[in-house]
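> Please find the sequence and the predicted model below.
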Amino acid sequence: MANQLAIATSTDPFTRGLDYLYRTRSLALEPDIVDLVYDPDKRIPICTWIGNHIDAVNAQLNACLQACHNCFHPWEQCAIQIFAAPLANSFRIDGLCNLQTDPITILIDVGRVIPEDWQLLVIHEYAHAHAGSPGHHQKFAKSLAHLCLGFAIVPPEFQPGMEVSLRSYPNCRPTQDPLAFWRGLGNG
């Protein structure tokens, strides 16, 4: 099920990209999590790249989402949509799960981790959606462990006090420049 974020019908890539960023802002927990709409120096090249390439990136993320769905029986699957978006550095996150939207929204900053690890980031955020609550608690760890087993990843064993280590599990390899991807310069 490929989710589409309705964006401007304009053929101008900048307009399409800027509209896309505004729409992802509306799906974030807090609009300022997607803040590049206000940065005039970075906005033009990034919005233009997004306008030209975001459909292909989101198709890859939807394939990752579907692989997570496949780890659960149909009746255990949540209604989830997923989109790529450059997230503000000040929040220090690679992805987020907004449980307040219907369907649940996952936003992934694909520029922050190498493409080979996008699936790992989706697994982490999907575990939040499946647990149905924020935080890195036992219910989250149980959902995460189930997903890890489905992907043949060593699952975490939840123990009191390990919430901090679950914040970045499974480990994703970061890029050097998170905005390089969004400017069309590769992995950064």
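Arrived safely, thanks for sending. Remember, predicted model here, so these are calculated numbers, not experimental data.
> Show me where the chain dips below the pLDDT cut-off.
Flagging of the chain using pLDDT under 70 yields the residue ranges 1-9, 158, 187-188.
> And the helices in it?
Counting by DSSP state H, the chain has helices at residues 13-27, 40-69, 118-131, 138-150, 163-166, 178-182.
> Please identify the most buried of the ones you listed.
Of all the helices of the chain, helix 118-131 carries the top mean neighbour count, a mean of 24, counting by mean count of other C-beta atoms under 10 Å. Quick note: C-beta positions are derived from backbone N, CA and C, even for glycine.
> is the spatially most central residue of the chain in a bridge, and if so with what?
With distances taken as C-alpha atoms, centre = their mean, residue 108 lies nearest the centre of the chain, 1.8 Å away. Using DSSP bridges, the bridge partners assigned to residue 108 are residue 84, residue 95.
> that older thread, including distance to residue 34, could the helices of the chain go into CSV?
Shown next, in CSV, are these (distance: least, C-beta to C-beta, whole Å):
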stretch, distance to residue 34
helix 13-27, 4
helix 40-69, 11
helix 118-131, 15
helix 138-150, 24
helix 163-166, 25
helix 178-182, 11
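> Ok, which of those helices comes nearest residue 89?
When the helices of the chain are compared by C-beta to C-beta, helix 178-182 sits nearest residue 89, at 7.2 Å.
> quick one: contacts for the nearest residue to residue 68 once chain neighbours are set aside?
Spatial nearest neighbour of residue 68, chain neighbours left out: residue 126 (4.1 Å); criterion: C-beta to C-beta, 6 or more residues apart in numbering. Listed by C-beta atoms under 8 Å, 6 or more residues apart in numbering, the contact partners of residue 126 are 65, 68, 80, 97, 106, 143, 147.
> between the residues you listed, which is nearest residue 46?
Nearest member of the contacts of residue 126 to residue 46, counting by C-beta to C-beta, is residue 106, at 20.4 Å.
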